[in-house]
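A.B. asks: Provided below for reference: sequence and predicted model.
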Amino acid sequence: MEDAMLQLPKAELHLHIEGTLEPELMMELAQKNHVSLPYDSVDAIRQAYQFTDLQSFLDIYYAGAAVLQDESDFTSLTWAYLLKCKEDNVVHTEIFFDPQTHTARGIAFETVLSGITTALKRGEDELGISSKLILCFLRHLSEEEAMKTLDQALPYKDQIIGVGLDSSELGNPPEKFQRVFARAIEEGFIPVAHAGEEGDVSYITGALNLLHVKRIDHGVQCIHDEALMDRLVKERIPLTVCPLSNIKLRVFDTMAEHNILQLLDRGLAVTVNSDDPAYFGGYINENFAAMRRSLRMNDQQLKQLAINSFEASFLEPEKKAYWIEQVKNY
Ligand code: ADE
Ligand code: ZN
């Protein structure tokens, strides 16, 4: 049965554009660009998506991204995601991109950025979807490399609202990136970071205290620290939670055990997001649908999550207020 409530307007705040690469497009681009893949069919690609933890996913995800070669590939990728947004009534999206995944393969920073922004402009014009871009540093690489990436981004400051931190969390704590975040903030970027996905609460407090982040990506491990949860409530620091991702990467064993509604009911500004939807079994509405099925999420909780998504966004205040009103009246 269709769940009409899932069509309420919403913002997505935790979405890696490289994670929207569907097996069909991966196969098509591999053929077009003569990139060899260790799979001989779309089904074989899907079969390979059996993850045991974050790293087992990242290995496959970085290998898949190798099919993205020219500017038009990044445009096709981003446009396909925006069409999914339209289907799910995502009216605003804040997209992560990982320049280092591409510059390491000899693809110019500008090729990546301009491919993505061409689609975003078309999304705004033709689909009415607003968007922002957040550049993520890969935390398994050095701070010096992150600094070089920040340098590459400076000429495009007007097109990139923030900086984030993703990739292998364990063993790559926030303190490793303190200097590059300080510089990014000085240059006017808004800081966010993945923290408390697999890492313990020290990764979340580190992101807050050392990187001065305005949002925590994931953050679900905060449940183990009452004082930290009090702080997140008091300071209204949003968590961009990704339920299906957390199940696929075994942060929780089953959806029924996910803590998102506990965090919501405790007053945290949690939001629902799809992270890497092509790899984790679905886009934002599939995340909401799974929460309906396994967590018995009610309409009031659903509306609060949608309101939070706009409140936690980097949208201009009048646009935030407009969309929050639309959700309330839905
Ligand atoms: N890169 C893409 N998805 C990620 C995730 N869930 N955690 C860390 N890095 C990522
Ligand atoms: Zn993520």
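C.D. replies: Nice, I can see it. Ligands and ions are numbered 1, 2, ... in the order given.
A.B. asks: is it true that Phe51 lies in a strand?
C.D. replies: No - read with DSSP: H, G, I helix; E, B strand; the rest coil, Phe51 is coil and lies in no strand.
A.B. asks: Give me the pLDDT value at the residue lying closest to it once chain neighbours are set aside.
C.D. replies: Leaving aside its sequence neighbours, Phe51 sits nearest to Phe57 (Cβ to Cβ, 6 or more residues apart in numbering; 4.4 Å). Where you see a C-beta, it was placed from the backbone N, CA and C, and this is true even at glycine. For Phe57, the model assigns a pLDDT of 98.
A.B. asks: Phe57 contacts Asn246, doesn't it?
C.D. replies: No - counting by Cβ atoms under 8 Å, Phe57 does not reach Asn246; the two are 11.6 Å apart.
A.B. asks: Tell me where the stretch 101-250 of the chain has helices.
C.D. replies: For the stretch 101-250 of the chain, the helices defined by DSSP state H, counting those that start in this stretch cover 109-122, 143-153, 178-186, 201-210, 226-234, 243-248.
A.B. asks: what about the residue in the chain that ligand 1 sits nearest to, how many neighbours?
C.D. replies: Taking Cβ to the nearest ligand atom as the measure, the point where the chain comes nearest ligand 1 is Asp166, at 3.6 Å. Asp166 has 25 neighbouring residues, counting by other Cβ atoms under 10 Å.
A.B. asks: Can you tell me who it pairs with across the strands?
C.D. replies: Beta-bridge partners for Asp166, by DSSP bridges, are Leu138.
A.B. asks: who's in contact with it?
C.D. replies: By Cβ atoms under 8 Å, 6 or more residues apart in numbering, Asp166 lies in contact with His16, Phe96, Asp98, Cys136, Phe137, Leu138, Arg139, His194, Asp217.
A.B. asks: picking that back up, what secondary structure does the residue nearest to Phe51 sit in?
C.D. replies: helix.
A.B. asks: could you measure it against Asp217, distance?
C.D. replies: Separation of Phe57 from Asp217 (Cβ to Cβ, to the nearest Å) stands at 15 Å.
A.B. asks: what do you get for Leu82?
C.D. replies: Distance from Leu82 to Asp217, by Cβ to Cβ: 21 Å.
A.B. asks: Comparing those two, which residue is more hemmed in?
C.D. replies: Between Leu82 and Asp217, Asp217 has the larger neighbour count (other Cβ under 10 Å), namely 27 against 21.
A.B. asks: pLDDT wise, what is that one at?
C.D. replies: What the model reports for Asp217 is a pLDDT of 99.
A.B. asks: Grab the nearest non-local neighbour of it.
C.D. replies: That would be His194: by Cβ to Cβ, 6+ apart, it lies 4.3 Å from Asp217.
A.B. asks: Would you mind listing where this protein has pLDDT under the threshold?
C.D. replies: Filtered on pLDDT under 70, the chain yields the residue ranges 1.
A.B. asks: Name the residues of it found near ligand 1, please.
C.D. replies: Residues of the chain found near ligand 1 (Cβ under 6 Å from any ligand atom) are His16, Gly19, Leu54, Asp166, Ser167, His194, Glu197, Ser245, Asp275, Asp276.
A.B. asks: In strands only, show me the residues you listed.
C.D. replies: His16, Asp166, His194 (DSSP state E).
A.B. asks: Now do the contacts for the first one.
C.D. replies: Each residue near His16 by Cβ under 8 Å, 6+ apart is listed here: Ile95, Phe96, Phe97, Asp98, Cys136, Asp166, Asp275, Asp276.
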